[in-house]
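*Asks:* Have a look; sequence and predicted model below, questions after that.
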Amino acid sequence: MKSSRATRARRGSERLRLAAGRVLLLAAIVAAWEGGARAGVIDPYFVSRPSKLAHTVAGWFAGGFIYPHIWATVQEAVIGLAVGILGGVLVGMLFAFFPFLSGLFHPLMVVFNATPRIALAPLFIVWLGIGLASKVAMVVSLVFFIIFFSTYAGLRDVDVNLINHVRVMGGTRRDLMRHVLLPSALTWIFASLRACVGFAVIGAIIGEYLGADRGIGWIVQYGESMFDSNMVISGLLVLMVFVATLDGSLGWLERRFSHWKQKPL
Amino acid sequence: MIVVDRVTRTFETPAGEFTAVRDVSFRVAPGRFVSLVGPSGCGKTTLLGLIAGLIPLTEGRVLLGDRPVTDGVPPDIGYLFQRDALLPWKTALQNVALPLTIRGRPTGETRARATEWLRRVGLAGFETYYPHQLSGGMRKRVSLATTLIYGPPVLLMDEPFSALDVQTRNLMENELLDLWADTRNTVLFITHDLEEAIALSDEVIVLTAGPGRVKASYPIPLPRPRNVVEIRFREEFTRLYEQIWKDLRDEVQQSYARSTRI
């Protein structure tokens, strides 16, 4: 126990040093940027200045300009994520349990998955307009395939030994589903969930770039059309904080639900 | 009672038809502990799979009690696999409780009995551990408790201790005999280790190199209760070992010759 306490203390101090280092690194970058821009080494017309960016972003939040845009992006990403996950899980299960279906659709799925989804965006806008629906479709087209392949693999690649183990102790098909197949699929789905959230935001932002009247992507795109790099970068900053928060909370969720897994050494 | 009656199993492989076991017949009387020994690749695991209804028969029949094994897994058999098959997302307690959960027993009773069985296999205090947090020997104990908790009259064991180190293995063998002295299931135990087979069993059946057929069967008249380590020092043990080994040796050599032929 004593040694474990010592190890913990050492780990704690290591973490502290790392955190301090990260803050310093960030401060150094910001200082160099600000200094460089003020000294005329880099042109603030293209890269703006941290103090100016901070002023813009703070103004957005204080004046309430930013909230409807964040809300729009969140809505698109969340609805798309929900639909994509639900659809992916359902179709993944269908294909895993009915090999004929899977065989029938396999080439189609591969081709669709290999198509760059950005190429589909104009089509979504033509079909669904520049509102919410086209962005949701964009997000779904990205998320669906990730979840579909995870669910399918999770159900197909279950250790036969585990299945036999539960069959021999008297397990019915329902028991197999509940105690073996679903938990196995869930671990795969959870493993890809984080990637999905990233893709959901990408999908929403790309959708907004290509035709929208609100959203974080729209701000960036609008700034670009005005040649206002300050606005573009401010929009990107909001986006970065937004994605980091989302990813952090997902990482926390993931750790909570994979407590039975062996930690890598 | 297990009756295996002229059982044959062939598999289709890319290289053509492959016969894993051919025309195998034997029976295990109720409450007896019988071991099957044979060289690797003689179809031992296939035979257990056939009895457990996990693999369909090609020819012959298998009876458990007076019921033929025809369609799927027969009720109330226990099977201890060579690789442990604990569900990684369940704790030790949840794993041991699973057969009762599946049978729809009340939660309170299930918990109490699973806790009691963990204690019986020496794992009191490990209820909330996940399989990856347990050693190989501990996982085997959990598997054993999982198999015994629902009291299956027939117990099939496929080289359950082969992956353990010698000391742990001897401990587990003794524990198995102690538990079995209480439960008295009909046991069919597969091993390639002749010493283990003799030390544990009432009868040892020798299979030929693949396709497996029954070569000979030897009753083991050693007294019980036994200690699997100390029983090896007895003269009778050595005599039995020599006698059975003569049979087994030819099969092992044949199997080895086959596996090294290129």
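*Replies:* Yep, it's here.
*Asks:* What count of nearby residues applies to the spatially closest residue to residue A:97 that is not a sequence neighbour?
*Replies:* Counting by CB to CB, 6 or more residues apart in numbering or on different chains, residue A:155 is the residue found nearest to residue A:97 once chain neighbours are left out, at 7.6 Å. Backbone N, C-alpha and C define where each C-beta goes, glycine included. When neighbours are counted by other CB atoms under 10 Å in any protein chain shown, residue A:155 registers 20.
*Asks:* what's the spacing between residue A:155 and chain B?
*Replies:* 15 Å (CB to the nearest CB, to the nearest Å).
*Asks:* For the residue of the stretch 101-250 of chain A found nearest chain B, list the residues it contacts.
*Replies:* Scanning the stretch 101-250 of chain A for the residue nearest chain B gives residue A:165, at 3.4 Å (criterion: CB to the nearest CB). Neighbouring residues of residue A:165 by CB atoms under 8 Å, 6 or more residues apart in numbering or on different chains: B:79, B:81, B:85, B:86, B:87.
*Asks:* And the helix or strand harbouring residue B:115, what's buried?
*Replies:* Assigned by DSSP states H and E, residue B:115 belongs to helix B:107-120. Residues of helix B:107-120 classed as buried: B:110, B:111, B:113, B:114, B:115, B:117, B:118, B:120 (neighbour count, 16 or more other CB atoms under 10 Å in any protein chain shown).
*Asks:* Make JSON lines from those and add pLDDT and distance to chain A to it.
*Replies:* JSON lines is the format used below for those (pLDDT from 0 to 100; distance: CB to the nearest CB, whole Å):
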{"residue": "B:110", "pLDDT": "95", "distance to chain A": "13"}
{"residue": "B:111", "pLDDT": "95", "distance to chain A": "17"}
{"residue": "B:113", "pLDDT": "96", "distance to chain A": "14"}
{"residue": "B:114", "pLDDT": "96", "distance to chain A": "13"}
{"residue": "B:115", "pLDDT": "96", "distance to chain A": "18"}
{"residue": "B:117", "pLDDT": "95", "distance to chain A": "13"}
{"residue": "B:118", "pLDDT": "95", "distance to chain A": "16"}
{"residue": "B:120", "pLDDT": "91", "distance to chain A": "18"}
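*Asks:* hang on, the earlier thing: for residue B:49, state which of the contacts of residue A:165 is nearest.
*Replies:* Nearest to residue B:49 among the contacts of residue A:165 is residue B:79, at 9.1 Å by CB to CB.
*Asks:* On the three-state scheme, the closest one is what?
*Replies:* Assigned with DSSP: H, G, I helix; E, B strand; the rest coil, residue B:79 falls in the strand class.
*Asks:* Phi first, then psi, for residue B:158.
*Replies:* With angles defined as degrees, to the nearest 10, residue B:158 sits at phi -110, psi 100.
*Asks:* pLDDT wise, what is it at?
*Replies:* Here the pLDDT value assigned to residue B:158 is 93.
*Asks:* number of nearby residues for it?
*Replies:* When counting by other CB under 10 Å, one arrives at 21 neighbours for residue B:158.
*Asks:* Show me the subset of the contacts of residue A:165 that also lies near chain A.
*Replies:* B:79, B:81, B:85, B:86, B:87 (CB under 8 Å from any CB of the partner chain).
*Asks:* so where's the stretch 1-150 of chain A uncertain?
*Replies:* Per-residue confidence for the stretch 1-150 of chain A (pLDDT under 70) gives these ranges: A:1-4.
*Asks:* the helices in it, which residues?
*Replies:* Using DSSP state H, counting those that start in this stretch, the helices of the stretch 1-150 of chain A run over A:2-39, A:44-47, A:50-63, A:67-97, A:99-114, A:121-128, A:132-156.
*Asks:* Repeat that for the stretch 151-262 of chain B.
*Replies:* Under DSSP H, counting those that start in this stretch, the stretch 151-262 of chain B gives helices at B:166-183, B:194-200, B:235-260.
*Asks:* for residue B:122, helix, strand, or coil?
*Replies:* coil.
*Asks:* ok, it to residue B:207 distance?
*Replies:* To residue B:207, residue B:122 is 33 Å away according to CB to CB, to the nearest Å.
*Asks:* Which of the two has more residues huddled nearby?
*Replies:* Neighbour count, other CB under 10 Å: between residue B:122 and residue B:207, residue B:207 has more, with 25 against 15.
*Asks:* What residues does that one make contact with?
*Replies:* B:24, B:36, B:37, B:38, B:42, B:43, B:44, B:213, B:214, B:215, B:251.
*Asks:* how near is the fourth one to residue B:155?
*Replies:* Using CB to CB, one obtains 19 Å as the distance from residue B:38 to residue B:155.
*Asks:* Kindly report the same for the fifth one.
*Replies:* With distances defined as CB to CB, the gap from residue B:42 to residue B:155 amounts to 21 Å.
*Asks:* Among these two, which residue is more densely surrounded?
*Replies:* Set side by side, residue B:42 and residue B:155 show more neighbours around residue B:42, with 27 against 22, by other CB under 10 Å.
*Asks:* Could you find the closest non-adjacent residue to that one?
*Replies:* Closest to residue B:42 by CB to CB, 6+ apart is residue B:212, at 4.1 Å.
*Asks:* pretty sure the one you found contacts residue B:39?
*Replies:* No. At 9.2 Å, residue B:212 and residue B:39 do not qualify as touching, with contact defined as CB atoms under 8 Å.
*Asks:* Could you tell me how far the helix holding residue B:115 lies from the centre of the chain?
*Replies:* Distance, stretch centre to chain centre, for helix B:107-120: 24 Å (CA atoms, centre = their mean, to the nearest Å).
*Asks:* Give me the angle between it and helix B:166-183.
*Replies:* If you take axes from the mean of the first three to the mean of the last three CA atoms, to 10 degrees, helix B:107-120 sits at 130 degrees to helix B:166-183.
*Asks:* name the helices or strands packed onto the helix or strand following helix B:107-120?
*Replies:* Downstream of helix B:107-120, the first helix or strand assigned by DSSP H and E is helix B:136-148. Packing partners of helix B:136-148 (3 or more CB pairs under 8 Å, 6 or more residues apart in numbering or on different chains; DSSP states H and E): strand B:77-80, helix B:92-102, helix B:107-120, helix B:166-183.
*Asks:* Could I get the buried residue list for stretch B:246-261?
*Replies:* Of the residues in stretch B:246-261, B:247, B:248, B:251, B:252, B:255 count as buried by neighbour count, 16+ other CB under 10 Å.
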